[in-house]
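>>> Sequence and predicted model, in that order:
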Amino acid sequence: MKDTTRLIIVGGFLGAGKTTLLFNATQRLMEEGKRVGLVTNDQASELVDTSFLLRTKVDVAEVSGSCFCCNYQGFIDSVYQVKHDATADVIIAEPVGSCTDLSATLMQPLKENYSKDLLLSPLSVLADPVRLSDILNGGTAGLHPSAAYIFKKQLEESDIILISKADLLNENELDGLKQKVEAAYPFATVLAVSSKTGKGLQEWLKLLETNTNAGQRIVEIDYDTYAEGEAVLGWLNGSATLQGKQIDWNIFINDFLKRLAAKIDEKQIGVGHIKLLLENNQEYISGNITGSSKTLSIRGEVAKSNSAQLTINARVEIAHEKLDRLIKETLEVVSGTEIETTIKAWKYLSPGYPKPTHRYKNVFCLGKE
């Protein structure tokens, strides 16, 4: 096992594009000859993120059932599992998108207790440019005010703010947004990145590999507001086997997501993130909804076949029981009589009150115990 491994923690609200960025960052690091491991996190198992990231052919550990902060030992165990199994030079960890207070609950205890084994990089927080712009203008980015509170606190505690999906903006728009972010959060390094074009990726990775100014501030958190911000989201994770006769899965996924997006628009439901992954051997289709139907995106393509594996994760501002019905009813309509669905695992819930294992009141300075 390597003596020292660099640990990169990448936070950011639901739908910011963290998993895609991690996929591309992993590929880039591997091309440089580095051994990489990944740790994912969610309130339940059956993660799209884990299934998707396994396609990088690296070791992936999953902490499910609670956030890293509330299952700190589970997080540490997963980090060391990947460190051992992958003999990793770099481990990238992605916390739950509705999680904040990472500096106080993760970064400080890591610095105090594991600095001999883990070289901690600055805390990066990824932000969707549309939501970020609305938040900076005093809005809530289409979210419940308490969910928007989490978004803001993530930015406040960051060492690096990454404006994601930079390809969606022209240069003038991007420069203007970057200036606003720098003015609002002068303590953070602000970069623009695009998983689609690769913009800013190398600059970000270089900064992470050469900088150890991690967890430089602890922010005040109203845990009642934080808890409400998580609880307003219904949470669903499910996986199923789909079977039929030479089904065109591309049409199936398009139909499913468009119908789902239309229902969300009709009911004016706030969306944290809906993501799915349909796999057919080595081929896959991934789909995302991060707000209204305008945010729907699909990538990938699979050949017709008799079966496929579907994984779906949804975080939506309705009761989890209603979210369950919404997903299942849409799936039933699109499947019709041609496709038989066999549920492998299915869980829907509302997250409980966050109770972190540790919460430091002050920044821990290495070498100044």
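Done, it's in.
>>> How is the chain divided into domains?
5-229, 234-349 (automatic domain parsing).
>>> Confirm that Gln81 sits in a helix.
Yes. Assignment of Gln81 by DSSP: H, G, I helix; E, B strand; the rest coil places it within a helix.
>>> unless I'm mixing things up, it is touching Glu62, no?
No. Using C-beta atoms under 8 Å, Gln81 makes no contact with Glu62, being 10.4 Å away. All C-beta atoms are positioned from the backbone trio N, CA, C, and that covers glycine.
>>> Name the residue in those two with the higher neighbour count.
Glu62 (20 against 14; other C-beta atoms under 10 Å).
>>> Would you verify that the more buried one is located in a strand?
Yes. According to three-state DSSP, Glu62 belongs to a strand.
>>> quick one: contacts for it?
Val39, Thr40, Asn41, Asp42, Ser45, Leu47, Thr50, Ser78 (C-beta atoms under 8 Å, 6 or more residues apart in numbering).
>>> Using pLDDT, spot the least trustworthy of the residues you listed.
Ranked by pLDDT, these bottom out at Ser45 (72).
>>> State the helix or strand in which that one lies.
Assessed by DSSP states H and E, Ser45 sits outside every helix and strand.
>>> Skipping its backbone neighbours, what lies nearest Val82 in space?
Gly37 (3.3 Å; C-beta to C-beta, 6 or more residues apart in numbering).
>>> can you pull up the bridge partners for the one you found?
Asp59, Ile91 (DSSP bridges).
>>> Now for it, how many residues are close by?
Neighbour tally, Gly37, other C-beta under 10 Å: 26.
>>> repeat for Lys196
So Lys196, with other C-beta under 10 Å, has 14 neighbours.
>>> So it sits against Ser164, correct?
No. Contact criterion C-beta under 8 Å: Lys196 and Ser164 do not qualify, at 10.1 Å.
>>> closest to Lys361 out of the domains of the chain?
For Lys361, the closest of those is domain 5-229, at 7.0 Å, according to C-beta to C-beta.
>>> Can you give me the first-to-last residue distance of the closest one?
One end of domain 5-229 sits 34 Å from the other (C-alpha to C-alpha, to the nearest Å).
>>> next one: that domain to chain centre, how far?
Relative to the centre of its chain, domain 5-229 is centred 8 Å away, using C-alpha atoms, centre = their mean, to the nearest Å.
>>> go on, stretch 322-337?
The answer for stretch 322-337 is 25 Å, by C-alpha atoms, centre = their mean.
>>> Give me the below-cutoff pLDDT ranges for the stretch 151-300 of the chain.
Counting by pLDDT under 70, the stretch 151-300 of the chain contains no low-confidence range.
>>> tell me the most buried of the domains of the chain?
Of all the domains of the chain, domain 5-229 has the most neighbours on average by mean count of other C-beta atoms under 10 Å, namely a mean of 20.
>>> gap between the two ends of stretch 34-51?
22 Å.
>>> Can you give me the separation between Asn313 and Leu54?
15 Å (C-beta to C-beta, to the nearest Å).
>>> how near is Cys99 to Leu106?
9 Å.
>>> for Glu283, that is, sorry about that
Taken as C-beta to C-beta, the span from Glu283 to Leu106 is 36 Å.
>>> picking up where we left off before, now for Cys99 and Leu106: what residues contact both?
Joint contacts of Cys99 and Leu106 (C-beta under 8 Å, 6+ apart) are Phe68, Cys69.
>>> can you give me the strands for the stretch 51-200 of the chain?
According to DSSP state E, counting those that start in this stretch, the stretch 51-200 of the chain carries its strands in the segments 59-64, 90-93, 118-120, 124-127, 160-163, 189-192.
>>> Tell me which of those strands approaches Ser350 most closely.
Among these, if distance is taken as C-beta to C-beta, the winner is strand 59-64, at 15.9 Å.
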